[in-house]
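Participant: Show me the folded form of this:
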Amino acid sequence: IHIYMASNVHHTGTIARIQQLLKDHLRETTQYRKVYLFVPSPCEHVKYAAIAYDFTLEGTLINSMIWRQKTVDMLIYGYSLYGELK
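Facilitator: Below you'll find the model as predicted:
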C-alpha cells in the first residue's frame, strides 16, 4: 500500500484515514493475510510513514533498482492484517 497525497493535504489526518480504510477493506473483502510496501532506500519520508502506520522492515534487496540515477537498495516493509501470523 503506497499512498501519494498532494502537499496541501499533508498533516491533515487524511492519510491516516485512508490507511485505515484500506486495511479494513482488505480484511473484509480479500483473503490477504499480509500487505507489503516496497520503498527505495533513500525515501526517508516513506520509511517514516511505513513505521508510523505499523509496517515492519522485513527485508532488503541490495542494489536492486535505479532511483534518481543511482543504484539503491529496495526495502520491504510488511503489515499483518490480523496481527502476528503463526
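
Participant: where do the helices sit along this structure?
Facilitator: 14-29, 44-52 (DSSP state H).

Participant: Columns mean neighbour count on top of these, output as CSV?
Facilitator: Using the backbone N, CA and C atoms, a C-beta is placed for each residue, glycine as well. Shown next, in CSV, are the helices of the chain (neighbours: other Cβ atoms under 10 Å):
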stretch, mean neighbour count
helix 14-29, 13
helix 44-52, 14
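
Participant: In a markdown table, list those helices along with distance to Y82.
Facilitator: Shown next, in a markdown table, are these (distance: least, Cβ to Cβ, whole Å):
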| stretch | distance to Y82 |
| --- | --- |
| helix 14-29 | 7 |
| helix 44-52 | 19 |
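
Participant: how far is stretch 18-26 from where the chain is centred?
Facilitator: In this view, stretch 18-26 has its centroid 12 Å away from the chain centroid, taken as Cα atoms, centre = their mean, to the nearest Å.

Participant: Show me how far stretch 53-65 is from its chain's centre.
Facilitator: 10 Å.

Participant: C-alpha coordinates for that stretch, CSV please?
Facilitator: Taking C-alpha atoms only, stretch 53-65 is exported to CSV below (Å, rounded to 0.1, in the frame of the first residue of the first chain):
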residue,chain,number,x,y,z
TYR,A,53,1.5,3.0,10.3
ASP,A,54,2.8,-0.1,11.9
PHE,A,55,4.7,-1.6,9.0
THR,A,56,7.8,-3.6,9.9
LEU,A,57,11.0,-3.8,7.9
GLU,A,58,11.2,-7.4,6.7
GLY,A,59,14.0,-7.3,4.2
THR,A,60,16.3,-5.5,1.8
LEU,A,61,17.1,-6.2,-1.8
ILE,A,62,20.6,-4.9,-2.2
ASN,A,63,21.4,-2.7,-5.2
SER,A,64,18.2,-3.7,-6.8
MET,A,65,16.9,-0.6,-8.5
